[in-house]
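> Output the structure for:
(chains A, B, C, D, E and F)
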4 protein chains.
Amino acid sequence: MPRVSAEHKEQRRQAILDAAMAVFIGKGYQLATIDDISNRCGLSVGAIYRYFHNKGEIMLTLVEERLGRTPELFARLTETAGDPWEQLVHCVGLFTSALRVRHPVTGRLLLATLGEAVQDGEVRRGLQGRFGALVSYISSIIRDGVAQGLFRADADPAALATLLLCTADGVAVYWVIDTPEVDLRTLRTATLAMLRAYLMPKE
Amino acid sequence: MPRVSAEHKEQRRQAILDAAMAVFIGKGYQLATIDDISNRCGLSVGAIYRYFHNKGEIMLTLVEERLGRTPELFARLTETAGDPWEQLVHCVGLFTSALRVRHPVTGRLLLATLGEAVQDGEVRRGLQGRFGALVSYISSIIRDGVAQGLFRADADPAALATLLLCTADGVAVYWVIDTPEVDLRTLRTATLAMLRAYLMPKE
Amino acid sequence: MPRVSAEHKEQRRQAILDAAMAVFIGKGYQLATIDDISNRCGLSVGAIYRYFHNKGEIMLTLVEERLGRTPELFARLTETAGDPWEQLVHCVGLFTSALRVRHPVTGRLLLATLGEAVQDGEVRRGLQGRFGALVSYISSIIRDGVAQGLFRADADPAALATLLLCTADGVAVYWVIDTPEVDLRTLRTATLAMLRAYLMPKE
Amino acid sequence: MPRVSAEHKEQRRQAILDAAMAVFIGKGYQLATIDDISNRCGLSVGAIYRYFHNKGEIMLTLVEERLGRTPELFARLTETAGDPWEQLVHCVGLFTSALRVRHPVTGRLLLATLGEAVQDGEVRRGLQGRFGALVSYISSIIRDGVAQGLFRADADPAALATLLLCTADGVAVYWVIDTPEVDLRTLRTATLAMLRAYLMPKE
DNA sequence: TATGAATGAGTGTTCATTCAT
DNA sequence: AATGAATGAACACTCATTCAT
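As a prediction, the model looks like this:
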């Protein structure tokens, strides 16, 4: 018989993750202290350790639960779209403007995380998993388009999907550090123009 | 004997930067210690502080002198190529295989640096400068192509250049963390195919 | 229903003491946590604090109720023996083999406790009381033997008893830390041989 | 070319060990903090870590360098004595009064250490080594006595030596915690009386 | 100029104890 | 009475930086 309801515990857990995300984004994982997180979420230091075994686990959980769920989110948000091309357009839209409007911190978390991925195998695997799942989803869209004769027959779905994601996250990374050349709207237009020119040349 | 001394000093400075780069790449900036750098370059801790005022300055110098000089390097290596398209092909080649063969660590340094850029304004400005210079260089190639009637007239050189660089560094970042989908050769081919389809549709 | 409740309480109290003893023996008093004890006895942390005011009190209770009762136990187990010499033999037997067979953990508890006795006056007094009571009991056996003309007339009962106990606990301590030279059977034989040679020289 | 002489370093090391010994004796190993040691020896916390990798290593060094050298010290101090019996007398004297006059803290360190030996294998091995070396030395004295026909022929040198040491440290332990019955002079007399009665019964 | 010993503030983590439920 | 979540002070250990030699 838990004295505290399971929902309550989950709320606390999410509060810690929210606080940690904010702090990691603000100063990076290494510079963030448990005290920072504690102050931000209002729980004591000790309480945080009842929810996560150590600092690394907090980061890892963020990678898995926040970044890692992007692929599902993606699929849910784009499957309503019409033909493969419209789905692709929708995806690119999510990458640029929409994703940042709905989840404006994810881009920053991605960057804070990428830096750790070099040293931390688990974080790395978490990011690779996310990447792989997104590639797989977008590949399938392209494959559909090819199968339907909508896209050029010699297109390599996996390579295109990978390229698209690298572009998306490359844009995200430079956008996060306020690079003046990086204007999301312009880049979305350019990306779509190139995709269309390649995939649907006749049109 | 100022001459010998000055050369000597510069050698030492470069030795420190080399060591720091290796260490930053290996464990990230925050986890790297001055002791690590000292051990690697053979100079004492105190000596390092005669060349750089603090740890941050070492990082910043790396950003400026190593990453920051990429644009010049780029220009030098590609201006020998023929028409704009060939220059573009050359650039993409440098981004993917060639850059990593000649300067295999730059990609990793970029990632180690990006993470710090969020918090550190100077590092951020360093990276922005590098990005801007590269964009500017590649823009000019595209602009030449348009002017020569080789590329489509309505191409937006700046947007395309920005996109290309975001893609390049996005690829670099995921390549650095060993993402299995990221194969440099395949991605280079796909990038060029899309560029060509967009810029030179008739062909 | 005070009767049932009181029994129940005492059962719980003993369960806590059992658990604490096991834990203290396993990792020492300082390293043992209330959580360890809680896990082992199945009571919650909070419940333990309803039986004992703090961690120190648990230790102290163990010293008083478990170690401190050794003298009574001793008296009960040896008074059935025959003449003083046989009683002494019985005592030495209890010190070495028998004590460890019947109460194998007491030796370890003694050691876990001795370390704390230096800093904690109450624990110290508990151990001193136990020691004094045992000395007093064994002294009386020797005194009887002297009075009966069985043991040499000039024997100092208190000194011999003290010495015997120091030996016994010295052996216990080194036995507890697995000292290879310490073989209980051999040492018992040697102890008895010396005692006999001293107390009953003619024989 | 060390900036600081080797002797100076060794002095500092010994200062840390002195301070640690005092602190460990005063509050036990677990309760002693690095800050305590730092305050007592006047070196900063960080400096201590240049001489010892961690707290445990300080303890272990004490066991090895202070307690562990007891056997050599013993041999040196007693080999000048005459026949085996006189050497034994000398040893017992060292165990009781003399040892405590010359090295009054060793007994307390022994106790502080014994408690840790249960959990810490290295400390345990250190103490076992000390014990074994002392047993070996005293055994050899007894063996000599037997060989010279001075001691009874059926004496078991190893068992007697082990017993003697257990007694000695048992006495030390109870003396350290101020047990009122434990008077070193009286116990020494009693020990020698028993030894003589056993080893040299004719006399 | 170079060295590396010393400093000491700062960090992740633990755990005895409390108290709302 | 019992629970176990929460508290927060305390501690081992690290590391950027300084400075005597």
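
> Tell me who's in contact with the residue nearest to A:Arg188 when sequence neighbours are not counted.
Leaving out its chain neighbours, the residue that sits closest to A:Arg188 by C-beta to C-beta, 6 or more residues apart in numbering or on different chains is A:Thr96, at 4.3 Å. The way it works is simple: take the backbone N, C-alpha and C, and place the C-beta from them, glycine included. A:Thr96 makes contact with A:168, A:171, A:184-185, A:187-188, A:191, according to C-beta atoms under 8 Å, 6 or more residues apart in numbering or on different chains.

> Just the buried ones out of those residues, please.
Buried members of the contacts of A:Thr96, counted by 16 or more other C-beta atoms under 10 Å in any protein chain shown: A:168, A:171, A:184, A:187-188, A:191.

> Which of these fall within helices?
Those of the buried ones among the contacts of A:Thr96 mapping onto helices are A:168, A:171, A:184, A:187-188, A:191, per DSSP state H.

> pLDDT for those residues - can I get that in CSV?
Shown next, in CSV, are these (pLDDT from 0 to 100):
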residue, pLDDT
A:Ala168, 93
A:Val171, 92
A:Leu184, 92
A:Leu187, 95
A:Arg188, 94
A:Thr191, 96
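
> Looking at these, spot the one nearest chain C.
A:Ala168 (47.0 Å; C-beta to the nearest C-beta).

> Touching, the closest one and A:Phe95? I think so.
Yes: counting by C-beta atoms under 8 Å, A:Phe95 is a contact partner of A:Ala168 at 3.9 Å.

> thinking again about what came up before, quick check: the two most widely separated of the contacts of A:Thr96?
A:Ala168 and A:Arg185 (14.4 Å; C-beta to C-beta).

> quick one: low-confidence parts of chain A?
A:1-4, A:98-103, A:203 (pLDDT under 70).

> In contact with the most centrally placed residue in it, which residues?
By C-alpha atoms, centre = their mean, chain A has its centre lying nearest to A:Leu67, at 4.5 Å. Residues near A:Leu67 by C-beta under 8 Å, 6+ apart: A:106, A:109-110, A:113, A:126-127, A:130.

> Could you tell me which of those residues are located in helices?
Counting by DSSP H, the part of these found in helices is A:106, A:109-110, A:113, A:126-127, A:130.

> Roughly how far does the residue nearest to the centre of chain A sit from A:Met21?
Between A:Leu67 and A:Met21 the computed distance is 10 Å (C-beta to C-beta, to the nearest Å).

> Let's verify the residue of chain A found nearest DNA strand F: helix, strand, or coil?
Evaluated by C-beta to the nearest atom of the strand, chain A has A:Gly46 as its residue closest to DNA strand F, separated by 1.7 Å. Three-state call for A:Gly46 (DSSP: H, G, I helix; E, B strand; the rest coil): helix.

> tell me, how many neighbours does it end up with?
Here the number of neighbours of A:Gly46 (other C-beta atoms under 10 Å in any protein chain shown) works out to 9.

> what about it, distance to C:Val45?
Distance from A:Gly46 to C:Val45, by C-beta to C-beta: 13 Å.

> ditto for A:Leu195
For A:Leu195 relative to C:Val45 (C-beta to C-beta), the value is 61 Å.

> For the two, work out which one has more neighbours and name it.
It is A:Leu195, of A:Leu195 and C:Val45, that has more neighbours when counted by other C-beta under 10 Å, with 22 against 12.

> helix or strand for the more buried one, which one?
helix A:184-199 (DSSP states H and E).

> what angle separates that helix from helix B:184-199?
With axes from the mean of the first three to the mean of the last three C-alpha atoms, to 10 degrees defining the directions, helix A:184-199 sits at 90 degrees from helix B:184-199.

> helices or strands next to helix A:184-199 in the packing?
Under the contact definition 3 or more C-beta pairs under 8 Å, 6 or more residues apart in numbering or on different chains; DSSP states H and E, helix A:184-199 sits against helix A:84-93, helix A:157-176, helix B:157-176, helix B:184-199.

> C:Ala158 is nearest to which of the ones you listed?
Nearest of these (C-beta to C-beta): helix B:157-176, 79.2 Å.

> list the buried ones in the closest one?
For helix B:157-176, a neighbour-count test (16+ other C-beta under 10 Å) marks B:157-176 as buried.

> any idea how far chain D is from A:Ala62?
Rather than Ala, residue A:62 is Leu. Distance, A:Leu62 to chain D, using C-beta to the nearest C-beta, to the nearest Å: 32 Å.

> residues in contact with A:Tyr29?
Contacts of A:Tyr29 were listed using C-beta under 8 Å, 6+ apart, and they are A:59, A:112-113, A:115-116.

> Likewise for A:Thr113?
With C-beta under 8 Å, 6+ apart, A:Thr113 has these contacts: A:24, A:29, A:59, A:62-63, A:67, A:123, A:126-127.

> Tell me which of those residues fall in strands.
Judged by DSSP state E, the subset of those located in strands is empty.

> top of those residues by neighbour count?
The most crowded member of the contacts of A:Thr113, judged by other C-beta under 10 Å, is A:Phe24 (27 neighbours).

> ok, it touching A:Thr61?
No: contact criterion C-beta under 8 Å: A:Phe24 and A:Thr61 do not qualify, at 11.5 Å.

> Walk me through the domains of chain A.
Listed by automatic domain parsing, the domain ranges of chain A are A:6-52, A:66-199.

> okay, those domains, which one's buried deepest?
With neighbours defined as mean count of other C-beta atoms under 10 Å in any protein chain shown, those peak in mean count at domain A:66-199, which reaches a mean of 19.

> near DNA strand F at all, that domain?
No: shown here: domain A:66-199 not in contact with DNA strand F (C-beta under 7 Å from any atom of the strand), separated by at least 12.2 Å.

> what about that domain, how long is it end to end?
This stretch, domain A:66-199, spans 32 Å end to end (C-alpha to C-alpha, to the nearest Å).

> do that domain and DNA strand E meet at all?
No: applying C-beta under 7 Å from any atom of the strand, one finds domain A:66-199 separated from DNA strand E by no less than 12.7 Å.

> helix, strand or coil for the closest residue to A:Phe131 other than its chain neighbours?
Excluding the flanking residues, the one nearest A:Phe131 by C-beta to C-beta, 6+ apart is B:Thr179, at 5.4 Å. Secondary structure assignment for B:Thr179 (three-state DSSP): coil.

> What's the separation between B:Thr179 and B:Gly107?
To B:Gly107, B:Thr179 is 13 Å away according to C-beta to C-beta.

> got any residues that touch both of these two?
Residues touching both B:Thr179 and B:Gly107 by C-beta under 8 Å, 6+ apart: none at all.
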